[in-house]
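> My questions are about this predicted structure, shown below with the sequence.
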Amino acid sequence: MTIQNTLTKIFPVGLLVWFCWSLPVSAETGQPGFPIQEITVPASEESKQHHLAKTDDGRLILSWVESDGQNSTVRFAIREGQGWSPVRTVTSVDGKLGDPPVVFGLDDGSLAAAWMPYAKGGKSKYAADIFLARSQDGGLTWSKAFKPYGESARIYDAQMSLTALPNARIALVWTDMRETGDPGKNDRYQLMATVLAKGQQSAGTELRLDDDICSCCRASTTAEGESLLTVYRDHSQGEIRDTGAVRWDTDGKVQALSAPGDGWRIEGCPSNGPAVDMSASSVALAWFSAADDKGRFKVAFSTDGGKGFTKPFEVDDDARGYVNVALLSTNVALVSWRKRAGPEDELRIAKVTTDGISRQTAIYQGDFPGWPSKYPGMIVLDHQAFVAWTDPIKKKVRLVAVTLD
């Protein structure tokens, strides 16, 4: 498994892991690259289901799952200078977990965590629960875990999307299958949401964002003040599964948006969702499509909060997908994705604008695990980006820092 750069043909791969190197020019594209450095993570030798987030004061949070074959333990650490805080444990549950757990900061300095164990006695093997807890002491102790939704909810294990809101509130978006499997129902997967107040330990008011979505694809949610934007893979007549987008707010107002479409007709869910980031009225949207049976990774921008988007720009025409996006400024974003590279995949990052790619770097080439660890994670903090993935050969979470200046 390879950390990619222009030196890999000269030095053995193992020598390239623990120091920083610069990529002045990409041999493949002729574009300038990014300096990258692999960071030793404090996870055990066997770790998976990585997730990246931040504290309220801007420090990196890396969370992951460790499993002994019977139990799954959710752990995390916070980046402190060039090292890490002590590893903290959120919870340990019987069996496997669905979508990767998340740990993130709230604006009162506390932490929130969410995890998705499989439902005991569920009618479907995909039936899961979502539990949420908070910590006021940096993760040393956690509040009693609770389900943040009502009894009628039927959580599908494909995804949960969370984001922090002002006044230590939390927004949660999930895929719901309450309308599937029973005679007389619509047999549709729905996108549901709720907002939880500071300290709330009970179910929030449920809000339906879309009543017919693609079942297995990840959703992505971002917030600006009281306004939220969620993107997902929609499902419409004729088995068209293009990107869907919806603006909603903490008062329950929902507005469907017109995201760029590809007309991708596919009988089953591709399990390959879009990503979004927003700052003020600027939005960056990234997604994968194979409408013409060729994997394409596209990006579009908006300057009016998603009401209208620029013409999509194609980042890669031989992509595997599993995309991330971080808005750097108006019409400028950093993206990551998995590119096809023969029998393997290549994890790449690129800086993109409405004019195209200005810089890109290959971080890693090799195998990737299947769901739920198949999406690389990416976050931008100040002038650095952090990219995480689970290496199935090393059986551990890996992390690199990318210098953006």
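Thanks, I have the structure now. If you're wondering where the values come from, they're calculated on a predicted model, not measured in any experiment. Residues are numbered from 1 along each chain as shown.
> for the closest residue to K298 other than its chain neighbours, what are its contacts?
Of all residues not flanking K298 in the chain, P312 sits nearest, at 4.4 Å (CB to CB, 6 or more residues apart in numbering). For glycine as for every other residue, the C-beta is placed from the backbone atoms N, C-alpha and C. By CB atoms under 8 Å, 6 or more residues apart in numbering, the contact list for P312 reads 260, 298-300.
> where does P312 fall, phi/psi-wise?
Per-residue torsions, P312: phi -60, psi 140 (degrees, to the nearest 10).
> can you check G138 too?
Per degrees, to the nearest 10, the backbone of G138 is at phi 70, psi 20.
> What residues does it make contact with?
With contact taken as CB under 8 Å, 6+ apart, G138 is in contact with 78, 85, 88, 111.
> pLDDT below threshold where in this protein?
Counting by pLDDT under 70, the ranges of the chain that qualify are 1-31, 182-185.
> one more time with 90
Counting by pLDDT under 90, the chain has low-confidence residues at 1-32, 44-45, 69, 120-124, 179, 181-187, 405.
> before we move on, back to that, may I see the ChimeraX selection of the buried members of the contacts of G138?
Selection command for ChimeraX covering only the buried members of the contacts of G138, criterion 16 or more other CB atoms under 10 Å:
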select :78,88,111
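> Could you dump the contacts of G138 into TSV and include secondary structure and distance to N71?
Below are those laid out as TSV (DSSP: H, G, I helix; E, B strand; the rest coil; distance: CB to CB, whole Å):
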residue	secondary structure	distance to N71
I78	strand	24
S85	coil	23
R88	strand	17
L111	strand	22
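> So of the contacts of G138, which two are at opposite extremes in space?
Using CB to CB, the pair of the contacts of G138 lying farthest apart is S85 and L111, separated by 11.5 Å.
> still on that earlier bit, let's see if you can find the most crowded of the contacts of P312.
Each of those was scored by neighbours using other CB atoms under 10 Å; the highest score is V299's, at 27 neighbours.
> Distance of that residue relative to V352?
5 Å (CB to CB, to the nearest Å).
> Mutual contacts of those two, please.
For the pair V299 and V352, residues contacting each of them under the criterion CB under 8 Å, 6+ apart are 313, 315, 333, 335.
> Sheet partners, orientation included, of the host helix or strand of the third one?
Applying DSSP states H and E as the criterion places A333 in strand 332-341. According to DSSP bridges, the neighbouring strands of strand 332-341, each with its direction, are strand 319-329 (antiparallel), strand 344-353 (antiparallel).
> looking at these, which is closest to T221?
Short answer: strand 319-329, nearest of these by CB to CB, at 12.8 Å.
> Now do S63: how many residues are near it, please.
Considering only other CB under 10 Å, S63 is surrounded by 27 other residues.
> Find the residue closest to it in space, skipping its chain neighbours.
Nearest non-adjacent residue to S63 (CB to CB, 6+ apart): F76, at 3.9 Å.
> Show me what that neighbour is bridged to.
In this entry, F76 is beta-bridged to S63, R88, by DSSP bridges.
> How many residues are close by it?
Burial of F76, expressed as a neighbour count using other CB under 10 Å, amounts to 25.
> ok so, going back, can I get the contacts of P312 in TSV including secondary structure and distance to F34?
Supplementary listing: those in TSV, determined by three-state DSSP; distance: CB to CB, whole Å:
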residue	secondary structure	distance to F34
P260	coil	27
K298	strand	21
V299	strand	17
A300	strand	23
